[in-house]
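Trainee: Need the 3D shape of this:
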Amino acid sequence: MGVVNATPDSFSDGGDLATAEAGIAHGLALVTQGAAIVDVGGESTRPGAERVDARTEQHRVLPIIAALAERGVRVSVDTMRASTARAAVAAGADTINDVSGGMADTDMLGVVAATGVDYVVMHWRAHSRLMQSQAVYADVVGEVIAELLARRDAAIAAGVDASRIILDPGIGFSKLGPHNWSLLRELGRFNELGHRVLVGVSRKRFIGDLLDGRGPTERDAATAAISAWCAQHDIWGVRTHEVAMQRDAILVGSRFIPDNG
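Mentor: Take a look at the predicted model:
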C-alpha cells in the first residue's frame, strides 16, 4: 500500500505534494514501482498534529482519488471522517483506512456498512494531540488485541461484513518504541485473529531512534527489514512511503514461508 500524503504537515513528506497534479503523478509512480493499493490522505496523524476541517480534507483528497480510480488504480482513503469516507467511495475509493477504528466519528461504521467497501480497523486511543499520553500498557500485545477486537465487533454489529475487515495494530499510535517492537515480535498473534492484517511502520520515529536519530527519508532500508519480517509472517499488506525497496524485501521475506518454497 503506497502512501500519497496530500498534506502540508505529514512527518515524512509534508508539503511535497502540494497540488492534486503532484499527488496524482506520485500515486501513478507508486503503482509503477509495484504498489497494489494507493492510500490517499488529507489530514496528518503524526504525533501532535492538529486536525483540519472536512472541507479542507476533501479538497485535498477527492481530485486525486477520482483521477487515480479513473486510471484503474485501486485506491484507499485515509480518513477518520464519515463524510470524507462517503465522498471518497463515490469518487472511486474501494477501501476506507480509518486510523481511529470508528471511534473518531460515530457515523463512520454506518457509512462503511452502507458502501460495502473494505475497512481498515486500526488500534487507536486518542487524537494526535493527545495520543502519546495514552501509551500506557501492562501487556501491550494482549491489550492491543483486545481493544482491536472490540472495534472489530462494533463494526460487525453496525452491519460491516466481517470479510471486509482488515486489522492494523497501529504501530506508533499511542505507543512508545518498546511497545512497537513488542507488537512486531508478536505479529503471528494478529494473523490468528481471522482477518487480513495491515502493518504501517514506514519511516516512523521508533525506527529513527534505533538508527541514532536518522531522518525519515533515511529510514527506508530499516523499514524494508520490517517489511521482510511482515512477509515471513504472511501479513496481508504493508503501508509504505517508498515502494520499490519494500517490494524487494517482501519478495525475499515471502520465500521463507514454507508453502512458498
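Trainee: Strands along the stretch 51-200 of the chain, start to end?
Mentor: Along the stretch 51-200 of the chain, counting by DSSP state E, counting those that start in this stretch, strands occupy 75-78, 95-98, 118-122, 165-168, 196-200.
Trainee: neighbouring strands for the second one, and are they parallel or not?
Mentor: So the one you mean is strand 95-98. Paired with strand 95-98 in the same sheet, following DSSP bridges, are strand 75-78 (parallel), strand 118-122 (parallel).
Trainee: can you give me the helices in the stretch 101-250 of the chain?
Mentor: Secondary structure of the stretch 101-250 of the chain (DSSP state H, counting those that start in this stretch): helices at 108-115, 140-157, 177-185, 187-191, 205-210, 220-232, 244-254.
Trainee: okay, the strands paired with strand 95-98, which one's buried deepest?
Mentor: Ranked by mean neighbour count, the strands paired with strand 95-98 are led by strand 75-78 with a mean of 28 (mean count of other C-beta atoms under 10 Å). All C-beta atoms are positioned from the backbone trio N, CA, C, and that covers glycine.
Trainee: could you dump that strand to PDB, C-alpha only?
Mentor: Output in PDB follows, covering the C-alpha atoms of strand 75-78 (Å, rounded to 0.1, in the frame of the first residue of the first chain):
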ATOM      1  CA  VAL A  75      -7.400   3.400  -4.100                       C
ATOM      2  CA  SER A  76      -7.800   3.600  -0.300                       C
ATOM      3  CA  VAL A  77      -8.800   6.800   1.600                       C
ATOM      4  CA  ASP A  78      -7.000   7.500   4.800                       C
END
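Trainee: centre of the chain versus that strand, how much separation?
Mentor: 9 Å (C-alpha atoms, centre = their mean, to the nearest Å).
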